[in-house]
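Participant: With the sequence up front, the predicted model follows.
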Amino acid sequence: MLLKAVAVSKVYNREVIFSDVSLGIDIGESLAITGTSGSGKTTLLSILGLLMEPTKGDVFFQERSVFGLTDDEKSHLRNNYYGFIFQDPQLIGSLTVLDNVMVPARLARRSNLQEKAEKLLNELGLQHRLHHLPYQLSIGQRRRVAIARALLLDPLLVLADEPTNDLDQDWTAWIGNYLFKLPHRGKALILVTHDPDLAHRADRVVQISEGRIRDLPAGSRNRSHSPGMLPPKFNPTTIDT
Ligand SMILES: Nc1ncnc2c1ncn2[C@@H]1O[C@H](COP(=O)(O)OP(=O)(O)O)[C@@H](O)[C@H]1O
Ligand SMILES: [Mg+2]
């Protein structure tokens with residue numbers, strides 16, 4: 001198993017957010033985490049992403065406990081195996097789209113990734129926005145830049161926190177189609193969303209509710225979604241969201 005959480009609980013200021021959560025994911029699989037706002041989805045994703053420690057329980061990456069790893073060891077794991085797509089795209093305002101996507105390459109001191117960055121931006125329909133600044137983009141475009149940035153170093157595990165928030169149905173379906181291809185490309189995908197249609201495309205769907213996690217029936221990941229079949233609007237003069 002690539003990543004496994006065992007009996008994980010989180011307590012903030014004596015408030016139990018969730019307890020006894022166990023789940024796992026392997027390469028080639030997708031897992032969707034759903035729940036109402038404030039139910040603990042981002043908290044759980046942060047624990048799975050080694051950004052936060054659970055109050056109880058443990059997380060295993062490739063069967064190795066991450067409990068007790070030093071911060072440096074955790075950063076090493078995150079930098080090499082994890083790709084994060086945060087709820088807020090968190091782009092650097094003074095850098096172009098291409099330079100934002102290249103940030104992980106610069107941090108990892110890898111200089112030969114510009115072509116890859118351009119290829120990813122092309123796949124994500126942003127080939128005409130490489131030299132724009134974040135303020136010149138729509139929210140949907142900013143989210144796609146964040147996806148390209150998360151994928152640049154070829155992470156095994158992609159964690160996405162509500163990547164389609166505030167997007168219309170067409171772009172939600174398009175981004176869903178893109179993300180759900182990742183498990184077929186040798187990755188594992190953990191997706192937080194409160195969009196039931198999107199969630200049900202995952203191999204496994206769990207819901208956090210009142211501090212507990214439960215499985216929801218998952219749909220077929222190959223189900224075709226009619227809005228997703230529409231070609232996205234790549235015309236630079238079109239304002240997409
Ligand atoms: N750093 C924190 N300190 C205290 N409480 C927090 C902190 N972060 C989140 N919470 C609380 O934990 C609960 C779950 O938050 P979150 O995981 O962000 O939910 P979701 O992503 O499902 O909307 C919320 O009630 C939130 O207020
Ligand atoms: Mg959240």
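Facilitator: Everything's here; your move. Ligands and ions are numbered 1, 2, ... in the order given.

Participant: of all the residues in the protein, which ones are close to ligand 1?
Facilitator: The chain has residues 12, 13, 17, 35, 37, 38, 39, 40, 41, 42, 43 near ligand 1, with proximity defined as Cβ under 6 Å from any ligand atom. For the C-beta atoms, the positions are set from N, CA and C on the backbone; glycine is no exception.

Participant: what's around the second one, how many residues?
Facilitator: It refers to residue 13. Using other Cβ atoms under 10 Å as the criterion, residue 13 is surrounded by 4 other residues.

Participant: Which of the residues of the chain next to ligand 1 fall in strands?
Facilitator: 12, 17 (DSSP state E).

Participant: Show residues contacting stretch 105-113.
Facilitator: Around stretch 105-113, the neighbours that count as contacts under Cβ atoms under 8 Å, 6 or more residues apart in numbering are 79, 102, 114, 117, 152, 153.

Participant: so residue 59 sits in a strand?
Facilitator: Yes - when DSSP: H, G, I helix; E, B strand; the rest coil is applied, residue 59 is found to be in a strand.

Participant: quick one, what contacts it?
Facilitator: Residues in contact with residue 59 (Cβ under 8 Å, 6+ apart) are 3, 4, 5, 6, 8, 47, 48, 50, 65, 66, 67.

Participant: residues in contact with the residue most central in space within the chain?
Facilitator: Centre of the chain computed as the mean C-alpha position; nearest residue by Cα atoms, centre = their mean is residue 160, 1.6 Å away. Applying Cβ under 8 Å, 6+ apart to residue 160 gives the contacts 84, 85, 147, 150, 179, 189, 190, 191, 192.

Participant: rerun at 10 Å
Facilitator: 32, 45, 83-87, 143, 146-147, 150, 175, 179, 182, 189-193 (Cβ atoms under 10 Å, 6 or more residues apart in numbering).

Participant: among those residues, which are in strands?
Facilitator: Counting by DSSP E, those place 32, 83, 84, 85, 189, 190, 191, 192 in strands.

Participant: I'd like the residues you listed as CSV, with neighbour count, pLDDT and distance to residue 60 appended.
Facilitator: Putting the ones in strands among the contacts of residue 160 into CSV (neighbours: other Cβ atoms under 10 Å; pLDDT from 0 to 100; distance: Cβ to Cβ, whole Å) gives the following:
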residue, neighbour count, pLDDT, distance to residue 60
32, 26, 97, 21
83, 23, 96, 19
84, 19, 96, 19
85, 25, 96, 23
189, 25, 98, 18
190, 23, 98, 15
191, 28, 98, 20
192, 24, 97, 20
